[in-house]
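J.: give me the fold of what follows.
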Amino acid sequence: MNDPCGQYHTFRDFIECGATQANTGLPNLPKQPDTYNALAALALHIIDPVMDYFGGIELTYGFCSPELAKHIKGSIDPKRDQHAAHEVNTRGNLICERKGAACDFIVPDENMLEVAQWIVQNTPFDRLYFYGNDKPLHVSYGDEHNRAIVLMLPGKSGRLVPKVVTAERFAAMTTEV
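T.: Okay, the predicted model is just below:
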């Protein structure tokens, strides 16, 4: 757990960073060796470059085991969000067929739209979910390298509604989102 995961973090940082894990005290440990490799690739290709450019970040959500997912209130989607990395269900099937790994983070004192735009322009991310200028980003790294950008916008009911945008449109957005 204390082994390096990228240049600036340990595996523990990506495994014990969520509020639910802290509140439940669940070990939240990956069981699949490929999960550790995916977390290291996420750190190397996405998180380390962000830290090199912007400085420190705060990881708010990282790896999520099936046991931990049962305790998370709100809407999560383990089959798609890559927080389960390469973990398998009780039938031995991948929880998220996309593989790879994901984390959510915020850069203190930075506009997160500017951080997200930098990621889009400078890293080989798979998916990026943007929730707002002052909210954590969700970013993943995986084999597909889809470079999907999803704005999570409040709908009429107040619930967040995903809207996929192109990299060109996202780059042209202003900090007034």
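
J.: quick check: the residue most central in space within the chain vs Leu151, distance?
T.: Nearest to the mean C-alpha position of the chain, counting by C-alpha atoms, centre = their mean, stands Cys103 at 2.4 Å. Distance of Cys103 to Leu151, computed by C-beta to C-beta, to the nearest Å: 19 Å. Placement of C-beta: from N, CA and C, glycine included.

J.: tell me which element Val115 falls in.
T.: helix 112-122 (DSSP states H and E).

J.: next one: phi and psi at Leu151?
T.: Note on Leu151: its backbone torsions stand at phi -90, psi 130 [degrees, to the nearest 10].

J.: the spatially closest residue to it that is not a sequence neighbour in helix, strand or coil?
T.: Distances taken as C-beta to C-beta, 6 or more residues apart in numbering place Lys163 nearest to Leu151, at 4.6 Å, with adjacent residues excluded. The local conformation at Lys163, judged by DSSP: H, G, I helix; E, B strand; the rest coil, is strand.

J.: sec struct for the closest residue to Pro162 other than its chain neighbours, please.
T.: Nearest residue to Pro162, sequence neighbours excluded (C-beta to C-beta, 6+ apart): Val150, at 4.9 Å. Classification of Val150 using three-state DSSP returns strand.
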